[in-house]
Every structure is written in C-alpha cells, then in structure tokens.
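J.: Attaching a predicted model along with its sequence, questions to come.
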Amino acid sequence: LAEKIAFTIVAVAMGVGFTIAAAIVAQDWKRFHEALEEHALLLARSVAVSVPEAMLRDDYWTLYKTLKTIATRMATEPQDSHGETGVVLDVDGRVIAHLDPGNHQLDPLVTTGTYFPRVITGMVLDAEGRVMAHLDPSSHPLGLPFAPRDEAERRLLEEALKARRPLVSEGSTPEEGFLEGMVPIYSGGKRLGVVRMRLSTAELSSHVHKVALIVLGLTLGLIALSSLLGLLIARRMMRPLAELALGMESVGGGKLETITPHVTNDKDEIGQMVRIFNRMTLELKEKKRLEEEIAIDKKLVALGRIAAGVAHEINNPVAGMMNCVDTLKKHPSKPQLLERYLPLLDKGLSRIRDITGDLLVELRIDHGANQPSDSGCLEDLKGLIEAEIGERNIRFVWDDQMERRVRCNCQRIQQILLNLLKNAVDALPDGGTVTYRSLHQGKWIVFEVGDDGLGIPLELRSQVFDPFFTTQSNGTGLGLWIVYRLVQSMGGIVDFQSEAGHGTLFRVRVPLKQVYGEESGRYVA
Amino acid sequence: LTLAEEDDFVECDFSGLCVLLVEDEEIMRLSLEDRLRLAGIPVKAACDIADAQSQLEKGDVDLVVTDVRLPDGSGAELFEVIFFVIVPHTVNALLSCHFVYAC
C-alpha cells in the first residue's frame, strides 16, 4: 500500500506539474508570437509611411536606404511596438526624436548588437508586383516583377498584392519559420504598392524552447520534491500500519511474546488504532499468562493428588509392616510369629514395588523414545497373557485384524493392552472368556478387550480411571489410570461398556497418521 | 500406632473389653490383631463395613477401631451406622490413622 500511495502521489504531482508547465509555455509562446506579429506590422508600417514620396519619384536609392535603415534600426527596438516609448524617424530612417533620448543616440548608423527579432528579408513592391526596393538587391533586380521561388511564396505574393489594409501572414521556408507583415502603401487615396517585412520566428522558437526547458526543469524539480515529500508522508503513515499488520499476524499465529508494542503519540486515526491494538495485545498477553498459570496450577493439583495417593497407598502397608517388625522385636521368643509375618511382609513389600513400578512405567513412557515399529510386536502380548492365565480355567480369544503395513508405537500400545488384558483376566471368575480384537475403522485403529465377567457396578463407573482406585485386594489402582494417560498422550480415546452379569468391553481408539515417502505405511501416532 | 500411643494403652485397664478392628489392609489388620492379643485384649476383626456390622450385631464389642478408607465406605459412615442403627451405648471410641472420633 505504501508503494501505491507513493506512486499515486508521484503521478498526480507529475500530471499537475506538466499541465502547469504546458500552460506556461503555451502562454509564453502566444505572448511572444503576438509581440512578433506586432513588430512585423510595425516595421512594415514604418516603411509604408516613409516611402510614398520616394515611390512617386521612383527614387530607388532612397527607397532602399529607408527599407534598409528601418529593417536594421527598428529591429533592435522591439519594445517600441508596445508603445512604451515613442520614436520618430526621418525619411532615411534616422531617429530624429525619441521619448527616451538618453538611451537612444540620434544616429542610426551606430546600430549594432544582436537583432531581436531578426529580419529575414524585406521589400517594397509597386501595385503590379514589381520590385521597387529589396534588402537583397543583387538577387532581385529593380523594376522587374518579383519572382516567387515556389508555390507558397507565390500565394504570399498574391496575398500581399491584394492587401488593402495591414495584415500578418505566417509561413515557413525549409530553413526557418517566419512572420510577414504586409502593409499597403497609399498616397492621396491611391494605392502605390505594398511593403513586405519578413521576420524570423527562429528566435521565437529558440526562446520558447529555452523557456520550455527552464519550465520543464523547474517542473521536474518540483515533481521530484513533491514525490519525495509524498513518499516520506506515505512512509510515515504506512510505518505504524505495517507494524500493526506484523503485530496482528503474530497475534493470529498465537506468538504473543514476539510483539513489541509500537509507541505513538499521533492523535490521528492510525495513532488511535495503534493504541487500541497495543491495549488489546496487552490484555491478550495478560489473559494468556493467567491461562498458563491456571494450567500450571491444575498440573500441580493433579500432581499433589497423585503424591497424596502414593503416600497413602504406600503408608498403609508400611505401617502394617512396622507393626509386624515391632511385634517381632518385642516377642523374640515366639518363632510362630516370624512364620506368620514373613509372608505378610513379603506381600507388603511387593505391593510397594508394584506401585512404584507402575508409576515408573507411566513416567518412562511419558518421556521415553517412542519409535513406531511393526505392529507384529503386539503378538508378544499373547504369550504374556497366556502365562498370566496359567492354570486357571479361562479362555483367551485373540483376533488380530490389523494390516501388516500399519506401524505402531509398540511400547505404548503394548502397555495399554497389557493393562487392559491383565485387568480382564483378574476380574474374571473361572470359566470366563477374555477377548482381544484389533481392527481398522476409517482413520482410527481400534483395540477391544472384553470379558464376560460380572461387569463394573454402576456407582463405580465414574471412578474406573481414577488413580489408586481398585476393587482388587492386591491391585495398585494405577493400571487403568496409566491406560487413560497413555491413550490421551496419543490423541486417542478410551471408553468402556459394561453390563452387570454380562461382562465389560474396553475400547481404545488411536488416530492413524498417513506417512508418505520411504516408509509409505500408515502408523499409529 | 506409635509406641507412645501403645504405652497409653498399657496404662489403661482394657481387661475384659473386646475390641473390633476394622481395616481393609491385610497386613495392618493382622499385625494390630496380634499386638492386642499379645497385650491380653480380646480382638475381633473385620475388613469392611458390612463385615463390621455383622460382627457388631453379634454383640460383645466394647471398642471399635477403624480405618477411614474402607472398600465399601468411610470410617465416618461406620461410626454413624454404629451410633444410630446398632447399639449406641456399647461404643466408646473410634480410632483411625487419620482421625480420632471420641464420644
């Protein structure tokens, strides 16, 4: 947008600048053109006024002198045409009176300096078009009709001969443009001939060129200046906007900590916007900080609950064991006490080991390496569960429908399934059946572990996944909690259906992620 | 139970009083039972509220010592059961590792 605004400003500045420049140049050209026309007429008139007497006398020499003098003398006094000064010339073209005599010597022969405008040619023709006098007498013999060089010259000649009153014509030769003043010569109501004075427009053109160049230069300078100014203004305006855009982008991306508020004292709309944005990000930051604090608090609370649970679960057997040890110390003479307590101590210690072991499993899987590998690793579970069943009369149905190309995070899924299967085996009375099933379901891998035992009582269902919740005398209450945590860590879902007297079915669903490239198999996250 | 508490026990005369221990943790229950028996105090044991209730209904219980956390409820619930439902005058005190209910 900054570029757009700058570009627009430059374009407008250029448009305005060039229009003004063109107007100035046109005005200037018109003014000088008019001045030149007047001058051409003046010259021709001066001659026309001075020559009737000489023409009547056929005094060619006087005619030539007058023409020559006026052409050279008058050309140096262009201001006269504006009537600001007055000049009276004698028949020979001498200055005999001048309104500003201090600057104009009464001597026509001292006329030097550059002509402005330059007289190309001048002539006096009689009514029939014969040359009476010419500034270039060698190529135009006196007394012979004026011979026009080409068609354009011929038309000008006709125009001049027909002229009944002074007029100005414009024309051009291959060398330069000119203006021609044509003034008829009258004497006593009789038209004697015509004076033609041709002035070059080359000076006019070059003058106009010069003016145009100056104006163009000035215009370009002004354009550059205004463009620069425009750019500066645009950048000054756009900088806070660009920073705002950056800030908004990072807010959108949730990266609140990378925002450095742009400080502004501007009272305009942009300044207002910047201030509002700053306030908004500050509030967002504060909100995010509070959310983080709450999340940490929640974590700490959960941790505290676990710690309290661990303390309670371990303190119970420890207190009992200490009682046993104390009793043994107090009654060393009773060997039957030792026999009675040793299995109890053994059991208590195993219980503590199980709890710490389960907690370690949770910790290890939480932080350990989790490389996906071939899903065949789940077959290992079959053997483990069969060993767990041992001599008990429990049927175990293994139904693996998973495709071989599916790779999975074996460590986690093995742990999940092991806990679920062990639970099922423990919960079953003799004669029961444990079923395992794995299958694809759209973008999910589903594992089902079922039993046909007693089911979970309705009132206990909400606590099933709570840590240290157990219905078994030797359970730690951590198994299903670990399952829940592991499934959650993989973005999956675990739930169960249970019916009193008909058993329980745990279902774990884990999302599949598509893997492209070398390992073009899908795998479980 | 710590040793200091046990000394307090010894100073009191518990002879002829029957104690009902309610504790789900096997090792705790058995060890406490043994200690009381060795101190010459008759002991009955129960592992949950239902068990304790049936033992209480049989009578001959002067003191109930219970854990707060039990598989089928809390020690406080058991206290209410004893106090309002069964035989209020038999019970003197309830003890647990967390709280002491005296009455």
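T.: Structure received.

J.: At which residues are the helices of chain B located?
T.: B:3-11, B:26-38, B:49-58, B:75-80 (DSSP state H).

J.: of these, which approaches chain A most closely?
T.: Checking these against chain A by CB to the nearest CB gives helix B:26-38 as the closest, at 3.4 Å. All C-beta spots, glycine's among them, are computed from the backbone N, C-alpha and C.

J.: Tell me which of the helices of chain B sits most buried.
T.: helix B:26-38 (a mean of 20; mean count of other CB atoms under 10 Å in any protein chain shown).

J.: In CSV, list the C-alpha atoms belonging to it.
T.: Only the C-alpha atoms of helix B:26-38 are listed here, as CSV (Å, rounded to 0.1, in the frame of the first residue of the first chain):
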residue,chain,number,x,y,z
GLU,B,26,-4.5,-57.3,55.5
ILE,B,27,-1.0,-56.7,57.0
MET,B,28,-2.2,-53.8,59.1
ARG,B,29,-5.2,-55.8,60.4
LEU,B,30,-3.3,-58.9,61.2
SER,B,31,-0.4,-57.1,62.9
LEU,B,32,-2.8,-55.0,65.1
GLU,B,33,-4.8,-58.1,66.0
ASP,B,34,-1.6,-59.8,67.1
ARG,B,35,-0.5,-56.8,69.1
LEU,B,36,-3.7,-56.5,71.0
ARG,B,37,-3.9,-60.2,71.7
LEU,B,38,-0.4,-60.3,73.0
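
J.: thinking again about what came up before, want to try JSON lines for the helices of chain B, with distance to chain A and mean pLDDT as columns?
T.: JSON lines is the format used below for the helices of chain B (distance: least, CB to the nearest CB, whole Å; pLDDT from 0 to 100):
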{"stretch": "helix B:3-11", "distance to chain A": "8", "mean pLDDT": "45"}
{"stretch": "helix B:26-38", "distance to chain A": "3", "mean pLDDT": "86"}
{"stretch": "helix B:49-58", "distance to chain A": "14", "mean pLDDT": "85"}
{"stretch": "helix B:75-80", "distance to chain A": "14", "mean pLDDT": "79"}
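
J.: Contacts only, for residue A:435.
T.: A:397, A:399, A:448-451 (CB atoms under 8 Å, 6 or more residues apart in numbering or on different chains).

J.: what residues does the stretch 201-350 of chain A put near chain B?
T.: Residues of the stretch 201-350 of chain A lying close to chain B by CB under 8 Å from any CB of the partner chain are A:312, A:315-317, A:319-321, A:323-324, A:326-327, A:330-331, A:337, A:340-341, A:344-345, A:347-348.

J.: among those, which ones are buried?
T.: A:316-317, A:319-321, A:323-324, A:326-327, A:337, A:340-341, A:344-345, A:347-348 (16 or more other CB atoms under 10 Å in any protein chain shown).

J.: taking the residues you listed one by one, which sit in helices?
T.: Filtering these for helices - DSSP H - leaves A:316-317, A:319-321, A:323-324, A:326-327, A:337, A:340-341, A:344-345, A:347-348.

J.: Could you identify the most distant pair in those residues?
T.: A:316 and A:337 (20.9 Å; CB to CB).

J.: Can you check what pLDDT the model gives residue 96?
T.: I'll assume chain A. pLDDT for residue A:96: 45.

J.: Correction: the question concerned chain B.
T.: 49.

J.: now do residue A:428
T.: Looking at residue A:428, the pLDDT reads 87.

J.: OK, contacts around it?
T.: Counted by CB under 8 Å, 6+ apart, residue A:428 has contacts A:394, A:434, A:451-453.

J.: How much space separates it from residue A:171?
T.: For residue A:428, the distance to residue A:171 equals 125 Å [CB to CB, to the nearest Å].

J.: for residue A:17, same thing?
T.: From residue A:17 to residue A:171 the distance is 35 Å (CB to CB).

J.: Looking at those two, which one has more neighbours?
T.: residue A:17 (21 against 15; other CB atoms under 10 Å in any protein chain shown).

J.: any idea whether the more buried one is helix, strand or coil?
T.: Put simply, residue A:17 is helix when judged by DSSP: H, G, I helix; E, B strand; the rest coil.

J.: Skipping adjacent residues, who's closest to it in space?
T.: Using CB to CB, 6 or more residues apart in numbering or on different chains and skipping the chain neighbours, the partner closest in space to residue A:17 is residue A:219 (4.2 Å).

J.: May I have the phi/psi pair for the one you found?
T.: phi -60, psi -50 (degrees, to the nearest 10).

J.: Closest residue of the stretch 101-250 of chain A to chain B?
T.: residue A:250 (51.5 Å).

J.: Check whether residue B:27 really touches residue A:321, as I assumed.
T.: Yes: between residue B:27 and residue A:321 a contact is recorded at 6.2 Å, counting by CB atoms under 8 Å.

J.: anything in contact with each of the two?
T.: Common neighbours of residue B:27 and residue A:321 (CB under 8 Å, 6+ apart) are A:344-345, A:348.

J.: quick one: residue A:277 from chain B, how far?
T.: Per CB to the nearest CB, to the nearest Å, residue A:277 is found 56 Å from chain B.

J.: closest one to residue A:297 among the helices of chain B?
T.: helix B:75-80 (29.5 Å).

J.: Can you classify the residue of chain A positioned farthest from its centre by secondary structure?
T.: When distances are taken from the C-alpha mean of chain A, residue A:333 lies farthest, 93.3 Å away, according to CA atoms, centre = their mean. Of the three states, residue A:333 takes coil under three-state DSSP.

J.: about what we covered before: work out for me the element the residue of the stretch 101-250 of chain A closest to chain B sits within.
T.: helix A:202-252 (DSSP states H and E).

J.: ok, now residue A:435?
T.: Judged by DSSP H and E, residue A:435 forms part of strand A:433-441.

J.: buried stuff in that strand?
T.: A:434-438.

J.: partner strands of it, parallel or antiparallel?
T.: strand A:395-400 (parallel), strand A:444-451 (antiparallel) (DSSP bridges).

J.: Give the rounded mean pLDDT of it.
T.: Strand A:433-441 comes out at a mean pLDDT of 89.

J.: before we move on, back to that, for the record, mean pLDDT for the helix holding residue A:250?
T.: Mean predicted lDDT for helix A:202-252 stands at 81.

J.: same check, this time on stretch A:8-27
T.: pLDDT averaged over stretch A:8-27 gives 84.

J.: what about the residue of the stretch 101-250 of chain A closest to chain B, neighbour count?
T.: So residue A:250, with other CB under 10 Å, has 15 neighbours.

J.: can you check residue A:44 too?
T.: By other CB under 10 Å, the residues close to residue A:44 number 30.

J.: measure it to chain B for me?
T.: Using CB to the nearest CB, residue A:44 is found at 133 Å from chain B.

J.: In contact with that residue, which residues?
T.: Here residue A:44 is in contact with A:122, A:166, A:181-183, A:195-197 (criterion: CB under 8 Å, 6+ apart).

J.: redo that, cut-off 7 Å
T.: By CB atoms under 7 Å, 6 or more residues apart in numbering or on different chains, the residues touching residue A:44 are A:166, A:181-183, A:195-197.

J.: secondary structure element for it?
T.: helix A:2-50.

J.: Show me where chain A dips below the pLDDT cut-off.
T.: The model of chain A has pLDDT under 70 over residues A:1-2, A:73-117, A:256-266, A:362-375, A:473, A:514-525.

J.: Alright, calling it a day.
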